[in-house]
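Visitor: Return atomic coordinates for the entry below.
(one chain, ligands or ions: 1)
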Amino acid sequence: MCGIVGYIGSREAYPVLIEGLSALEYRGYDSAGIAMVGTDGCRINKDKGKVDNLRKITSSCCMSGSTGIAHTRWATHGVPSLINAHPHTDSAGKIAMVHNGIIENYTSLKQKLAKESLEFTSDTDSEVLAQLIGKYYNGDLASAVRKALSEIEGTFGIAVVAADNPQVMVGARRGSPLVVGIGDDEFILASDSCAIVRHTKKVIYLKDNNIIELKPGDFSISTLDNRKISPRIHSIDWDPSVLAKGGFDHFMLKEIFEQPETVLNAMRGRLIQETGSARLDGLNLVLQELRQIDRIIFVACGTSWHAALAGEYMIEDIAGIPVEVEYASEFRYRNPIIDSNTLVFAISQSGETADTLAAMREAAHKGATVLGICNTVGSTIARESHGGVYLHAGPEIGVASTKAFTSQLTVLSMLTLLLGRMRRISHAEGTTIANALDQIPKQIKKILRQNKNIQEIAQIYHHHSNFIYLGRSYNFPTALEGALKLKEISYIHAEGYPAAEMKHGPIALIDTDMPCVVLALKDSVYDKIISNIQEINARGGKVIAIANEGDKEIENFAHHVIYIPKTIPMLSPLLSVIPLQLLAYHIAAFRGCEIDQPRNLAKSVTVE
Ligand code: M6R
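Guide: Prediction:
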């Protein structure tokens, strides 16, 4: 999604802005632009395409100065083009602004402003806000922004500069994240701390309806209705080195290979093998409150939704609590039934997904206790939840989520353990689960050693146009996730199904051109899965099976077998998803796709 970087301080702003934009590239975008303010006014450069294009056009023109704003745009209103790229200005060129989010009442505002003879040059909703700020600007930028925002409906994260005053920059947010990095005599305003961490680790996460006025060496934060705020200063807890590929061809591959460590990080200090339980202090719930829960709802999107679905299987099976898994985008517009004994979890890697955020707000509005399972520290979902659990997976840069998924599964396993031990599983059963979880990082490492073998299978199948992924029980969510990974990064059409559902329709698709990836693990549904594989074979389909080590029988039925170590059924998705991630990665690589930034996709979907 769109990215914002702003700089005001004592250094040259341009290198900070352009590097900042590069650090935000992973979020997905289609055009980029920059505005620098100096004593000679405001200079703007922008173009369609990559930040490198912008770098080229700006290298030959003067971009010096210590104040500037920059943007990567992900088109919502208006095609990706030079005119629609940000920064936008008002007709008189008094201000320049970059905007993330959507101005919902832009049509009526545009008509009104057009009647005042203001000329619009773009098709964007954002330009309306720039025009409004310009209209109200009279030397006090913060007041002009405040006044303009009072007329806006929708979401925004903005950075604004005034052409006649390089000594001020204003930022504001509602629904779109903004972080302020506090350096020595300088501030970096950004939509994501990835653009800040190289310069400072001291940050303030702006809250909704906050406005910040930045001057060299000084800042003040207030609400949009002009009440002063004393902000809390946080420290970024990860190292900028994670923003490099570290010898891997893509961030996605690096992140797949990080999983032994990220899964371990999610468990560290939380998994208690001695008691066969887990400590999740961040939930901020006393045991008595947890005991009273009689229903859990997970709201999430995409991969996080798949993790939630796996969580449903775990919690219902082991802890005996009814669980519902909801697409956040549906939940937010339904009229869900929630009572005080319902616990709602919002699961999100980014912690900024607009639909998930809206769903959790709806649940909170109805009186539910809402908890977050998030990766991004300080994200809006994390801050607005009553409590929660961080994944501690470090920034995930590849648009296709990998390490966040296994960390989410790890946290959900520990939640299951905690709830299960309070209700119906014994110390011995709890210890079995805790010990099995403890083994997972080593077992993932073992699967990763098969990378070459999986690459060879990918080479055989990379030219196919359709894939089916099948799984049952605990591995039905894994099948969905495997299919999503493949379609996201290789643009191959892939569908995930519960294996037995195939005969109710999808079996019509099976022919000699249809590769079927089947999760055939030695669990209670193994024999049933073998029958499903037979049905595929009978119709000439090609089977790539994910099976447990030592299962020789499967070789009689599958064209290719990828073996994974055995664990308890509840934890098997943590292992079975790894070959699926690698398979998708290698297929996309053979097809020459842009793996880390697939077309049309954004890392964090901050619009509806
Ligand atoms: O940041 P979130 O976990 O809330 O994101 C949810 C989805 O947008 C995300 O999982 C998306 O489906 C990924 N591209 C999956 O790889």
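Visitor: Strands of the stretch 201-350 of the chain, start to end?
Guide: For the stretch 201-350 of the chain, applying DSSP state E, counting those that start in this stretch gives strands covering 202-205, 210-215, 218-223, 228-229, 234-235, 271-272, 277-278, 295-300, 323-327, 342-348.
Visitor: roughly how far out does the fourth one sit from the chain middle?
Guide: Taking CA atoms, centre = their mean, to the nearest Å, the mean C-alpha location of strand 228-229 is offset from the chain mean by 30 Å.
Visitor: residues in contact with it?
Guide: Lys207, Asn210, Ser220, Ile221, Ser222, Thr223 (CB atoms under 8 Å, 6 or more residues apart in numbering). Placement of C-beta: from N, CA and C, glycine included.
Visitor: got a markdown table for these, with distance to the ligand too?
Guide: Shown next, in a markdown table, are the contacts of strand 228-229 (distance: CB to the nearest ligand atom, whole Å):
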| residue | distance to the ligand |
| --- | --- |
| Lys207 | 19 |
| Asn210 | 22 |
| Ser220 | 31 |
| Ile221 | 26 |
| Ser222 | 29 |
| Thr223 | 27 |
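Visitor: For the closest residue to the ligand within the chain, grab the count of nearby residues.
Guide: Residue nearest to the ligand within the chain (CB to the nearest ligand atom): Gly302, separated by 2.0 Å. Around Gly302 there are 22 other residues, counting by other CB atoms under 10 Å.
Visitor: I'd say it and Leu484 touch.
Guide: Yes - with contact defined as CB atoms under 8 Å, Gly302 counts as touching Leu484 (6.9 Å).
Visitor: who in the stretch 301-450 of the chain is up against the ligand?
Guide: Applying CB under 6 Å from any ligand atom, one finds that the stretch 301-450 of the chain approaches the ligand through Cys301, Gly302, Thr303, Ser304, Ser348, Gln349, Ser350, Thr353, Thr356, Val399, Ala400, Ser401.
Visitor: about what we covered before: pick out the most distant pair among the contacts of strand 228-229.
Guide: Lys207 and Ser220 (14.5 Å; CB to CB).
Visitor: Among those two, which residue is more densely surrounded?
Guide: Lys207 (17 against 13).
Visitor: how about that one, phi and psi?
Guide: In terms of degrees, to the nearest 10, the main-chain angles of Lys207 are phi -100, psi 170.
Visitor: Can you list the strands that the helix or strand containing Phe187 pairs with?
Guide: Applying DSSP states H and E as the criterion places Phe187 in strand 186-190. Using DSSP bridges, strand 186-190 pairs in its sheet with strand 3-8 (antiparallel), strand 179-183 (antiparallel).
Visitor: so which of those is the most packed in?
Guide: Of the strands paired with strand 186-190, the one with the most neighbours on average (mean count of other CB atoms under 10 Å) is strand 3-8, at a mean of 30.
Visitor: Now do whatever helix or strand comes next after it, average pLDDT.
Guide: Next helix or strand after strand 3-8 toward the C-terminus (DSSP H and E): helix 13-24. For helix 13-24, the mean pLDDT works out to 94.
Visitor: Let me see the domain layout of the chain.
Guide: Here the domain parsing of the chain from automatic domain parsing is 3-236, 242-447, 450-596.
Visitor: Format these as JSON lines; extra columns: distance to Val607.
Guide: Below are the domains of the chain laid out as JSON lines (distance: least, CB to CB, whole Å):
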{"stretch": "domain 3-236", "distance to Val607": "5"}
{"stretch": "domain 242-447", "distance to Val607": "6"}
{"stretch": "domain 450-596", "distance to Val607": "18"}
